[in-house]
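Undergrad: Any chance you can model this:
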Amino acid sequence: MNNMLVPLSMLRVGQRGIVREVRGGRGFVQRLAAMGVLPGREVGVVRSGGPVIVDVLGHRLVLGRGMVHRVMIQPLEPPLSPGCE
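TA: From the prediction side, this is the model:
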């Protein structure tokens, strides 16, 4: 497994990762935690571009672009190189 942390916004559709850190103020961190996005939780990207749809515990959440830039993820698999999809 990869130890590199990347923003959730960098994951591609279908890629999964483990939340390692949520960067932001207390209100932001608590809001995401209430939705199930917290350190140690596995998440997957269902749709990207504009609002991002993520899968958390079988539920789909819509997160704004600014939000996904502040959720740091440990990818479960390395991203594909451009042109290898």
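
Undergrad: which residues of this structure fall in strands?
TA: Assigned by DSSP state E, the strands in the chain fall at 6-7, 16-22, 42-47, 52-56, 59-63, 71-75.

Undergrad: Let me have these in CSV, extended by distance to residue 31, mean pLDDT and mean neighbour count.
TA: Using the backbone N, CA and C atoms, a C-beta is placed for each residue, glycine as well. Output for those, formatted as CSV (distance: least, Cβ to Cβ, whole Å; pLDDT from 0 to 100; neighbours: other Cβ atoms under 10 Å):
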stretch, distance to residue 31, mean pLDDT, mean neighbour count
strand 6-7, 17, 96, 14
strand 16-22, 9, 97, 18
strand 42-47, 15, 96, 17
strand 52-56, 13, 96, 19
strand 59-63, 10, 96, 14
strand 71-75, 12, 96, 22
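
Undergrad: Show the contacting residues for residue 28.
TA: Contacts for residue 28 (Cβ atoms under 8 Å, 6 or more residues apart in numbering) come out as 22, 67, 70.

Undergrad: quick check: longest helix of the chain.
TA: Identified as the longest helix of the chain according to DSSP state H is helix 26-34.

Undergrad: Specify the beta-bridge partners of residue 19.
TA: Bridge pairing for residue 19 (DSSP bridges) gives the partners residue 73.

Undergrad: which residues touch stretch 39-57?
TA: Contacts of stretch 39-57 (Cβ under 8 Å, 6+ apart): 8-9, 11-22, 35-37, 60-65, 68, 71, 73, 76.

Undergrad: again, 7 Å this time
TA: The list of residues contacting stretch 39-57 from outside it, by Cβ atoms under 7 Å, 6 or more residues apart in numbering, reads 8-9, 11-21, 36-37, 60-65, 68.

Undergrad: First residue to last residue on it, what's the distance there?
TA: 13 Å (Cα to Cα, to the nearest Å).

Undergrad: next one: stretch 16-32
TA: Start-to-end, stretch 16-32 (Cα to Cα) is 17 Å.
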